[in-house]
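1. Here you go, sequence then predicted model.
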Amino acid sequence: MADIILVEDEEVLRRTLARALVKLGHQAREFETAEEALAVISEGPPDLLFTDNKLPGMSGMELMTRVHESWPDVVMIMMTAYGTVEDAVKAMRDGAADYLRKPVDLHELALVVNRCLEGAGVRRELEYYRERDLSVPEQGGIIGRSPAINQVRQLVTRLAGMKKADGEGPTMLLAGETGTGKGLVARAVHNASPRANQPFIEVNCTAIPENLLEAELMGYEKGAFTDANNSKTGLVEASHGGTLFLDEIGHMARPLQAKLLKIIDEKTVRRLGSTRDRKISCTIVAASHMDLEKEVAEGNFLEDLFHRINVVNIKLPSLKEREGDIEILAQHFLEQHATDYGMAAPRISNDAMRALVAYPWPGNIRELSHTLERALVMHDGGDLEVEDFAFFPAAGALKQNTGTVATADFEVDFSQGPIPLETVEANLLTSAMEYANNNQVQAAKLLGMSRDTLRYRLDKHSLR
């Protein structure tokens, strides 16, 4: 529901338009003069402003000028019975999003409102992404001093400075286990590029259901399918001028892979239900924890698309390959979480730090971050000791400082505090695979899931 202010000195028309806007599901506030409307707007701007041009006192043009100067995000639509091309041009220059002639057609009114509000929503979303991305530390928060992460950092710096004539950077594929920071690296490339102030659109191909992913990526026109009551800009189109990050692209269905290949090759996108191609220019960054070359060989991933996104390949190291970085990252995450919770960051004792370094971290950086957050939340004061991590990951693995997690039958004991679900799931998957002698079909039956689901979860925990 949008908050709409309607300024019109003809009472009958004003009431008619207000009722029509309410039927469309919006809140409509009516005013006879621009002065009355401006006084209310100064207390809190609306989402949309409808104003007549010819008004007693201040004109609609002057009202739009003053509103646009103070509240540039307010969407404005000019109405007039004396419409000319010159009036329309001046209204647009003064910040109007559209222009309607009287008598106003109510069907046209609905179309204009929907179009203007949709455009405003997209602009607000992109502005949010810009502000969020520019607030991320330099190089997207890539932290560490190990040779492996230094090599990644150097690649980011090198690639960020490369661009084609149209401003696009090279298409790249980020590979690595789950939790190694592929999203951070994608943002780092974007933030260091000449297009840093343009949108960074992230699409998680596993988070959006397969039957909705195409509509989200391509967008659609009104009436394209049963529930398409309005037109919608797709995420590919929304990334124009910036970066499109396709996370876990290996899970994208093959028919959609073919359409994505066409988008990359032709630099156009066509909304569902449309006959018109829209030109787009964006840097494509894809990521996957899967071995895409293997997926190509097994017929699960389109070979042409693999070669198209694999122009530059960055292999992100696992946390166990980053010797010396665990201490730096642990301290960083502890201070970060302490700041978020408004707490003072405790010290990590030498024994506890040795235990953290000894653990293999199958969940990589994401797992380390969650572990420090849980320890901080459950902490009662003083230094963080080994006992503060005893609940993690299972059966006191850190306390024993063996660097391994039991893969046989295990018990769940909540008496010492929370237990990470990721660890329980990884242990359960491992036990099922061992019991089934690594037969995925049998292991899937033991766990009551499909083989595809089992494969996805094994990949998620790097157990395949």
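-> Ah, there it is. Residues are numbered from 1 along each chain as shown.

2. Confirm for me that residue 99 is in contact with residue 78.
-> Yes: with contacts counted by C-beta atoms under 8 Å, residue 99 reaches residue 78, the gap being 5.1 Å. No exception for glycine: its C-beta is placed from N, CA and C like everyone else's.

3. Could you check which of these two is surrounded by more residues?
-> Looking at residue 99 and residue 78 with other C-beta atoms under 10 Å, you find the greater number of neighbours at residue 78, namely 27 against 19.

4. Residue 6: what secondary structure?
-> The three-state assignment at residue 6 reads strand, by DSSP: H, G, I helix; E, B strand; the rest coil.

5. pretty sure it is touching residue 46, no?
-> No: counting by C-beta under 8 Å, no contact exists between residue 6 and residue 46, whose distance comes to 9.6 Å.

6. Please export the C-alpha coordinates of stretch 446-457 as PDB.
-> Below are the C-alpha coordinates for stretch 446-457, written out as PDB (Å, rounded to 0.1, in the frame of the first residue of the first chain):
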ATOM      1  CA  LEU A 446      18.500 -44.300   5.100                       C
ATOM      2  CA  LEU A 447      18.000 -40.500   5.500                       C
ATOM      3  CA  GLY A 448      14.600 -40.400   3.900                       C
ATOM      4  CA  MET A 449      15.700 -38.000   1.100                       C
ATOM      5  CA  SER A 450      16.200 -38.100  -2.700                       C
ATOM      6  CA  ARG A 451      19.700 -38.800  -4.100                       C
ATOM      7  CA  ASP A 452      19.800 -35.300  -5.600                       C
ATOM      8  CA  THR A 453      19.200 -33.800  -2.100                       C
ATOM      9  CA  LEU A 454      21.800 -36.100  -0.600                       C
ATOM     10  CA  ARG A 455      24.300 -35.000  -3.300                       C
ATOM     11  CA  TYR A 456      23.600 -31.300  -2.600                       C
ATOM     12  CA  ARG A 457      24.100 -31.700   1.100                       C
END
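
7. can you offset everything so residue one is 6?
-> Shifting the count to begin at 6 puts that one at stretch 451-462.

8. which parts of it are buried?
-> Judged by neighbour count using 16 or more other C-beta atoms under 10 Å, the buried positions of stretch 451-462 are 452, 459, 461, 462.

9. closest to residue 261 among these?
-> For residue 261, the nearest member of the buried residues of stretch 451-462 is residue 461. The distance, counting by C-beta to C-beta, is 17.2 Å.

10. so the closest one sits right up against residue 255, yeah?
-> No: judged on C-beta under 8 Å, residue 461 makes no contact with residue 255 at a distance of 9.9 Å.

11. Okay, now the unreliable bits of the stretch 106-255 of the chain?
-> The model of the stretch 106-255 of the chain has pLDDT under 70 over residues 123-146.

12. which one is residue 285 nearest to, not counting chain neighbours?
-> Taking C-beta to C-beta, 6 or more residues apart in numbering, and ignoring the residues beside it in sequence, residue 285 has residue 245 as its nearest neighbour in space, at 4.8 Å.

13. how about the one you found, secondary structure?
-> Counting by three-state DSSP, the backbone at residue 245 sits in coil.

14. downstream neighbour of the one helix or strand residue 157 maps to in the secondary structure list?
-> When elements are defined using DSSP states H and E, residue 157 is found to belong to helix 152-165. Past helix 152-165, heading to the C-terminal end, the next element that is a helix or strand (DSSP H and E) is strand 177-180.
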